[in-house]
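In: Everything below, folded, please.
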Amino acid sequence: MEKTISGVIIECVKGDITRQPDVTAVVNAANAWLRPGGGVAGAIHHAAGPELDKECRPLAPIKPGQAVITGGHNLPNKYVIHCLGPRYGVDKPEDRLLADCYRNALKLADEHKIDSIAFPAISTGVFGYPVQEAAEVALRTVKETIPSLRHVKKIRFVLHSDRDLKIHEKVLESL
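Out: Model (predicted):
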C-alpha cells in the first residue's frame, strides 16, 4: 500500500530490510553500541559485512532517539542510518523518543541528499513497543516531517509479518 503526501510517497511492504535494492538508505533499529545483535541490527550487520561494525565503533554509544549514518558496505544500499529506539516502559517519554528516531533519521537522510529510505518498525521487537502504538507514532511523525524535507521523495516501511503490515497499512490509510 502507498500514499503520497506533499509529493513524498509513503509505502508499507512486507519483506526483509536488507533486501531493498531500490532505496538509497536503510534504517537500522540499532543498539546503543551500534554492534551486531539480534533482530534488525543482526540482519543488517550480517548482510553488510564486518566493515560496517568497524565504521560504527567510533560513532557509539548513541542515546535513545539519536541517529547516525554510515556507508552500506555489502548491502545494496549506499547508506545505513542507525537509530536507537526507546525500550518500552523503560526509556521515557517513549513516544517522544520514538518520534525522534524517525525525525532524526529523515533529517540525516535529507542532509545527505538521500532520495529514498526504508524503515523497520523501530522498537517493536525485543524493546517491546506495541506495534499499533509504534505505527501511529512513526507514521504521524513522518507526515509531520515531510514538509521540511527537500530531497527525500520515498519513505518505505518494511514490515516483518503480515500482522505488522496490516497494522501499518491501516494507520497509513487513516493519515
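
In: pLDDT value on residue 63, please?
Out: The predicted structure scores residue 63 at 97 on the pLDDT scale.

In: Distance-wise, check the nearest residue to it once chain neighbours are set aside relative to residue 116.
Out: Nearest residue to residue 63 in three dimensions, chain neighbours excluded: residue 84, at 6.5 Å (C-beta to C-beta, 6 or more residues apart in numbering). Quick note: C-beta positions are derived from backbone N, CA and C, even for glycine. Separation of residue 84 from residue 116 (C-beta to C-beta, to the nearest Å) stands at 22 Å.

In: out of these two, which sits in the busier spot?
Out: Between residue 84 and residue 116, counting by other C-beta atoms under 10 Å, residue 84 is the more crowded of the two (29 against 20).

In: and the more buried one, what pLDDT?
Out: Confidence at residue 84, expressed as pLDDT, is 98.

In: dump the residue contacts of it.
Out: By C-beta atoms under 8 Å, 6 or more residues apart in numbering, the contact list for residue 84 reads 30, 31, 32, 62, 63, 64, 65, 66, 101.

In: ok, the nearest residue to residue 129 once chain neighbours are set aside - how many residues close by?
Out: Among residues not flanking residue 129 along the chain, residue 123 sits closest, at 3.8 Å (C-beta to C-beta, 6+ apart). Residues within reach of residue 123, counting by other C-beta under 10 Å, total 28.

In: my guess is residue 123 contacts residue 89, does it?
Out: No - under the contact definition of C-beta atoms under 8 Å, residue 123 does not touch residue 89, with a separation of 11.0 Å.

In: wait, residue 42 sits on residue 35?
Out: No - in this structure, residue 42 sits apart from residue 35 without contact. The criterion is C-beta under 8 Å, and the distance is 9.5 Å.

In: what's the spacing between the residue nearest to residue 63 and residue 150?
Out: Taken as C-beta to C-beta, the spacing of residue 84 relative to residue 150 amounts to 26 Å.

In: So in the protein, which helix runs the longest?
Out: helix 94-111 (DSSP state H).

In: Which residue lies nearest the spatial centre of this structure?
Out: When the chain is reduced to its mean C-alpha position, the closest residue under C-alpha atoms, centre = their mean turns out to be residue 119, at 3.1 Å.

In: Count the neighbours of the closest residue to residue 100 other than its chain neighbours for me.
Out: The shortest distance from residue 100 to any non-neighbouring residue, by C-beta to C-beta, 6+ apart, is to residue 65 (3.2 Å). Residue 65 is surrounded by 20 other residues when neighbours are defined as other C-beta under 10 Å.
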